[in-house]
Each structure stands twice: as structure tokens, then as C-alpha cells.
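Participant: fold the following.
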Amino acid sequence: MASLKNYQKKRDFKKTPEPKASLKKPSKKNIFVIQKHFSKRLHFDFRIQIKGALKSWAVPKGVPKKTSEKRLAILTEDHPLGYAKFEGTIPQGEYGAGKVIIYDSGTFENIKRDKMGKIVPIDKCFKNGQIEILLQGKKIKTAFALIKFRDDKTWLLIKMKKR
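Facilitator: As a prediction, this is how the structure comes out:
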């Protein structure tokens, strides 16, 4: 539950409809969700399952549609796996106030390989700051890279060329 402490601290669950923090046993299939978040500024939240939580990035300009586009992605606090199904309105005065809708969701495949051609575990990819995943969503069925850019919080979200 350590990775969800910040999530828990920032929310008053008597006021917000967001799911409470809980570490569920990860499903065999890795899940992702992209949520459109109408808070202070419209942005997209890009979330992927790593271990028992959703690693989360705020993407101000949305998910890139072309391989030539790179998007700033700011790492935020981990979210519980239950957040993958969350849609609703976070009340004014609460952290992240505004409407949240699911833009796309589904499963992903980790496609990052080492020099020997073996898949690198997703948690190690995150720690190394180089994630490569193939999304299998309802709308999006393509590969993306998340690359740590300047510091631990600043990443780039890049649509990869078809493999």
C-alpha cells in the first residue's frame, strides 16, 4: 500500500466518488486506461498497471496520434487498479476537481527487450525510465514509448512506428 499513500493523502473519500486506495492482486493481463480529465485545464491521464497499482502520467496535449509527435507526460501519484473504471465528477475544492471520463481502456503488452532479445520486466523498465508497450484498447491499438526526460517526474510519451 506504500505506493498509494500519496493518492490516499490527497483525497477526502467522504467527499469524492473516487475509489479508495487498495492494493489488489494484479490481474494476469496488464491493464491500461486513458482518462480525459476536465480539471483546471483539460488534460489526459495515461495510466498503466505496474504491480498492484496504476502508474499515472498527466498528458496536457493528449495522446500523440502521429509517430512524429512527442507529448510531455508528467508523472503523478500512483492510483489504485479500481481507478481504471472510474468516471465521474470530483467535487470543487477536492484534489483534481472536475469531470473524468474514460477515453480508452484495455490491456497492454510490454514490448521492451534487452540486448539478448528478452522482455525486460515492466517495473524495471519504469525504474530505468524507458517503457515500451503495445496498447490493445477499444480505440487505440498501437505501441507507445514513455521515456524519462529531465527528471523523475518529466517524461515524454511517443507513438512508436508500427512493428
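
Participant: please, where are all the strands along this protein?
Facilitator: Secondary structure of the chain by DSSP state E: the strands cover 30-38, 42-50, 53-59, 70-75, 79-80, 88-90, 98-110, 130-137, 143-148, 154-159.

Participant: for the chain, where's the lowest mean pLDDT among helices and strands?
Facilitator: Ranking every helix and strand in the chain by mean pLDDT, DSSP states H and E puts helix 5-9 at the bottom, with a mean of 91.

Participant: among the strands of the chain, which comes closest to Asp12?
Facilitator: Proximity to Asp12, assessed across the strands of the chain by Cβ to Cβ, is greatest for strand 88-90 (10.5 Å). To be clear about C-beta, it is placed using only N, CA and C from the backbone, and glycine gets the same treatment.

Participant: who touches Lys153 in this structure?
Facilitator: Counting by Cβ atoms under 8 Å, 6 or more residues apart in numbering, Lys153 makes contact with Ile74, Leu75.

Participant: wait, Thr142
Facilitator: Applying Cβ under 8 Å, 6+ apart, one finds that Thr142 lies in contact with Leu134, Leu135, Lys159, Met160, Lys162.

Participant: between those, which sits nearest Lys115?
Facilitator: Using Cβ to Cβ, Met160 is the member of these that lies nearest Lys115, at 18.7 Å.

Participant: can you verify my assumption that that closest one contacts Ile147?
Facilitator: No. If you go by Cβ atoms under 8 Å, Met160 and Ile147 don't touch, sitting 10.9 Å apart.
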